[in-house]
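> sequence plus predicted model, see below.
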Amino acid sequence: MTDRADRDIELIDQYLKGDVDAFNELVAAHEDRVFAICLRMLRNREAALDATQDTFLTVFRKADRYKARAAFSTWLYRVTVNTCYDHLRREKRKRADQLPDSYDPVDVQATDPFNAVEVRPEIEEALAALSVEFRSAVVLVDLQGMSLEQASDTLEVPTGTIKSRLFRARKQLAQSLGNLRPPGEHQRGDHGES
């Protein structure tokens, strides 16, 4: 296990013994990534803030259910995704406000400001058009940098299912963003034309 994973287990243990400061440290260590997942899943800042808060409330109430068979972060991100699913189900009939054009969240995982990539509104719209299952796979693997195995553990589906969802989601994203032409459509010049 990593130092972070070991520390998370220590903090959960301390929290379960009554140390609320240990829980606060756990929140501080993971809140940015939880918020990033919620924002990409829900596409609405206020809803993402609510879902982040709901995620940590769930963890606060159900921390005793965490079993150290997997990393705490895997369990936490599963709670996060489930919380987002709950929010999406509740808001299914309501249409969320679109992110304003001026809202370009930076990649919180980038360690160098020059590598922080702004998310374009077109990408956010294409991501929102994906089914929840496809979107969660893309968010966890492509945007949050999880391995296929970590995403599989988090979403509690086989690795093959993650691969399939990613393949299909990436294909849909490419079509939505104009990066993939429908079969039979060729660009001018593909056959020697000019």
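Nice, thanks for sending it over.
> please make it C-alpha for all contacts and neighbour counts, starting now.
OK.
> point out where the chain drops to low pLDDT.
Across the chain, the stretches falling below the confidence threshold (pLDDT under 70) are 1, 93-120, 179-194.
> let's check: the centremost residue of it is which one?
A centroid search over the chain (C-alpha atoms, centre = their mean) returns I37, at 3.2 Å, as the residue closest to the centre.
> what's the helix or strand for that one?
Secondary structure from DSSP states H and E places I37 in helix 20-42.
> got the contact list for stretch 70-80?
Around stretch 70-80, the neighbours that count as contacts under C-alpha atoms under 8 Å, 6 or more residues apart in numbering are 1, 5, 8-9, 30, 34, 37-38, 51-52, 55, 58-59, 66, 150, 153-155.
> hmm, back to that, surely the residue nearest to the centre of the chain and Q144 touch.
Yes. Judged on C-alpha atoms under 8 Å, I37 makes contact with Q144 at a distance of 7.5 Å.
> now P158: closest residue in space that isn't a chain neighbour?
In space, and not counting its chain neighbours, P158 is closest to S152: 5.7 Å by C-alpha to C-alpha, 6 or more residues apart in numbering.
> would you map the strands across the protein?
Chain-ordered strands for the chain, with DSSP state E as the definition, do not occur.
> which parts of it are helices?
When secondary structure is read from DSSP state H, the chain shows helices at 3-16, 20-42, 45-62, 72-90, 121-128, 132-138, 148-155, 159-176.
> centre of the chain to the second one, how far?
With C-alpha atoms, centre = their mean, to the nearest Å as the basis, the distance from the averaged C-alpha position of helix 20-42 to the chain average is 12 Å.
> check which helices and strands that helix is in contact with.
In this structure, helix 20-42 packs against helix 3-16, helix 45-62, helix 72-90, helix 132-138, with contacts taken as 3 or more C-alpha pairs under 8 Å, 6 or more residues apart in numbering; DSSP states H and E.
> what's next to it, contact-wise?
With contacts defined as C-alpha under 8 Å, 6+ apart, helix 20-42 is touched by 8, 11-12, 14-15, 45, 47-49, 51-52, 56, 60, 73, 77, 80-81, 84, 87-88, 108-109, 124, 128, 132, 135-136, 139-140, 144.
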